[in-house]
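J.: Sequence first, then the predicted structure:
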Amino acid sequence: MERPESLIQIVDDDEALLSLYEDYFGGEGFRVEVFADPVLALDKVRRTPYEAIVCDITMPGMDGITYLDRVKKENPELQVIMVTARAEISVAMEAMKLGAFDYVLKPARLEKLHVTVQNAIAKSRILRKKAMGVAADSDLPAGNVTRNEFGVVARSPSMVRLIDRAKYVAEYFTAVLVRGEVGSGKASLANLIHKVSRRGSEMLKISCQSTPNMEEVLLGDPMAGSLGLLDEASGSTLLIKDVERLSPRCQTRLLHYLDTGEVPVDGQDAGRLADTRIVATTTTDLKLLLDSGVFREDLYYRLGRIEFQIPSLNDRRDDVLPLAMSFLNEECRTNFRQVVGFTEQAEAALKGRYWTGNVSELKEIVAEACANASGKRVDLVDFPASMK
C-alpha cells in the first residue's frame, strides 16, 4: 500500500463524480485536489508536486488527450490515468501512446481505480529519483553477488536488475507481460512475481499453444456449471503462456476481465467478479502483431504496461556457472548424488558454449552430466555428446 498523504489531482467536468472521488480517496489517506476546469488544473500542475493525476477524456474547453499531452511536456515523470467510456477506447489507446500510465473504464470501480493510482504513484517516484540522479536499488551494479530468488538465479547485472524490478512490481495487482526466447526462464520469473506477491498458495498455468478448448478452460462453461481458470485463480495468479496464440474471441474476453474485473458470461450483462492477477508470457514482440490484427492493440497495452524482456543466456554469460551449480545441487538432492561441482575443463566448456536452448538446455545438460559423473566433480567426459 502507498504511504498516506500522497498528493493526487483529479480532473472531471462531472461535479458529482468529483465529489465522490474526493470523499473516497480522502478517506483512504490521500491528499486530493479536484478540478472541473482542465485549464485551471493544468496551471496548478505547474506549481504543485502531484504524484498522480486522474483525468476524464471527454471534457469541454480542453479534452483529456490535450491535457495529457501538456502535462507530459510540463512534467514527464508525472503519471496520468485516463477515465474513458467504452465507446472512447480508440482514444484511450491514443492516450497510452502519448504516455498515459493506464486507462480505466466508466463507471470506474473505486477499488480498481485505487490500485491503479497506487501503481502510478510508485512509477512517478521511481522516475523522479532517476531524473534527480538518485539510483534506485534496481539501478545499482550487481558486482559479484549471486541472487537466487525463488528459482531465478542471476549474477549478471542485467538479470539482477530485472529480479529487483520484478520483486518491486510483484506487490501490485497490475498485469505483467514477460518476453524472452524459448527456454530463457519466463515461467521462473512469473513464479518469482507470484511468490513475492503472496497471492495465494499456487500459481495456476495455462498454455495457449497446447491447451484444447482454450476458451472453456480459461472462462468456464456456464451450461455445464463449470468455472474456468480465471475464476479458480481468484486471489492468486494465472500464468498464460504463449499469449500471442490466444484466439481473437479469447483476447476480447480477457480484455473484458482486465478492464472490469469481471469474468464475462455469455448472455449476461454482468460477469462474475474475480481477483486474479495475470502474468502472460510470449516469445514474440507483440507490437509486430498489432498492425495485422493478429493481436489486439488494447489488450497489448493492458498487458504490456509492465513488461519484462529476459535476455538470452548468451547475453548473460556471468549466469552460466551459477545456474549450472544451482541445477547440479538440485539434481543431487533429488537423486541422492554427491557431486560437489565441475572441473576447470568442464566449467570452461560450459562458459564457452553457445546456448541455443538457453536455460532449459543448460539444465538438461547438467542433469545428464550429474547422472554420468563417477567422481566428486563433473568432468568433460560426463557431458552428453552434444557438448563434446
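T.: That came through, no problem. Computed from a predicted structure; not experimentally measured. Residues are numbered from 1 along each chain as shown.
J.: Check the offset of stretch 181-193 from the chain's centre.
T.: 12 Å (Cα atoms, centre = their mean, to the nearest Å).
J.: pLDDT wise, what is the residue lying closest to Leu239 once chain neighbours are set aside at?
T.: Nearest-residue entry for Leu239: Lys205, 4.4 Å, with adjacent residues in sequence omitted and distances by Cβ to Cβ, 6 or more residues apart in numbering. All C-beta atoms are positioned from the backbone trio N, CA, C, and that covers glycine. Lys205 carries a pLDDT value of 95.
J.: Number the chain from 97, please
T.: Taking 97 as the first residue, the last one we looked at is Lys301.
J.: residue contacts, Lys301?
T.: Contacts for Lys301 were tallied using Cβ atoms under 8 Å, 6 or more residues apart in numbering; they are 283, 334-335, 337.
J.: Which of the residues you listed sits closest to Leu409?
T.: Ala283 (15.0 Å; Cβ to Cβ).
J.: What distance do you get for that closest one to Pro172?
T.: 34 Å (Cβ to Cβ, to the nearest Å).
J.: So between those two, which is more surrounded?
T.: Using other Cβ atoms under 10 Å, the more surrounded residue of Ala283 and Pro172 is Ala283, with 17 against 11.
J.: so the more buried one touches Leu335, yeah?
T.: Yes. Between Ala283 and Leu335 there is a contact under Cβ atoms under 8 Å: 6.6 Å.
J.: Pull up the overlap in contacts between these two.
T.: 301, 377.
J.: Which of the helices and strands in this protein ranks last by mean pLDDT?
T.: strand 243-245 (a mean of 71; mean pLDDT, DSSP states H and E).
J.: check contacts around the closest residue in space to Ile289 that isn't next to it in sequence.
T.: With Cβ to Cβ, 6+ apart as the criterion, Ile289 has its nearest non-adjacent residue at 4.5 Å, and that residue is Ala266. Each residue near Ala266 by Cβ under 8 Å, 6+ apart is listed here: 288-293.
J.: From those residues, which land in helices?
T.: Among the contacts of Ala266, DSSP state H puts 288-293 in helices.
J.: Helix or strand: which one has Gly186?
T.: You called it Gly, but residue 186 is Ser. Here Ser186 sits within helix 185-193, counting by DSSP states H and E.
J.: Against which helices or strands is the helix or strand following that helix packed?
T.: Per DSSP H and E, the first helix or strand lying C-terminal to helix 185-193 is strand 198-201. Applying 3 or more Cβ pairs under 8 Å, 6 or more residues apart in numbering; DSSP states H and E, we find strand 198-201 packed against strand 175-180, helix 185-193, helix 206-227.
J.: which stretches of the stretch 297-446 of the chain have low pLDDT?
T.: 363 (pLDDT under 70).
J.: so where do the helices sit in it?
T.: 310-315, 325-328, 344-356, 393-399, 416-431, 440-448 (DSSP state H, counting those that start in this stretch).
J.: so how far is the shortest one off the chain centroid?
T.: Average the C-alpha atoms of helix 325-328, do the same for its chain, and the two points are 19 Å apart (Cα atoms, centre = their mean).
J.: From the contact counts, what lies against that helix?
T.: Right, helix 325-328 is packed against strand 300-303, helix 310-315 by 3+ Cβ pairs under 8 Å, 6+ apart.
J.: Same check on the fourth one?
T.: Contact analysis of helix 393-399 by 3+ Cβ pairs under 8 Å, 6+ apart lists helix 185-193, helix 344-356 as its packing neighbours.
J.: Now render these as a markdown table, adding distance to Tyr199.
T.: Shown next, in a markdown table, are those (distance: least, Cβ to Cβ, whole Å):
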| stretch | distance to Tyr199 |
| --- | --- |
| helix 185-193 | 4 |
| helix 344-356 | 9 |
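J.: can you pull the buried residues of stretch 258-270?
T.: 258-263, 265-270 (16 or more other Cβ atoms under 10 Å).
J.: and what of stretch 120-131?
T.: 121, 124, 126, 128, 130-131.
J.: can you redo the residues you listed as CSV with distance to Ile106, pLDDT and secondary structure?
T.: Shown next, in CSV, are the buried residues of stretch 120-131 (distance: Cβ to Cβ, whole Å; pLDDT from 0 to 100; DSSP: H, G, I helix; E, B strand; the rest coil):
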residue, distance to Ile106, pLDDT, secondary structure
Phe121, 8, 94, helix
Glu124, 13, 91, coil
Phe126, 10, 93, coil
Val128, 6, 95, strand
Val130, 5, 96, strand
Phe131, 7, 96, strand
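J.: Give me the pLDDT value at Ile185.
T.: 73.
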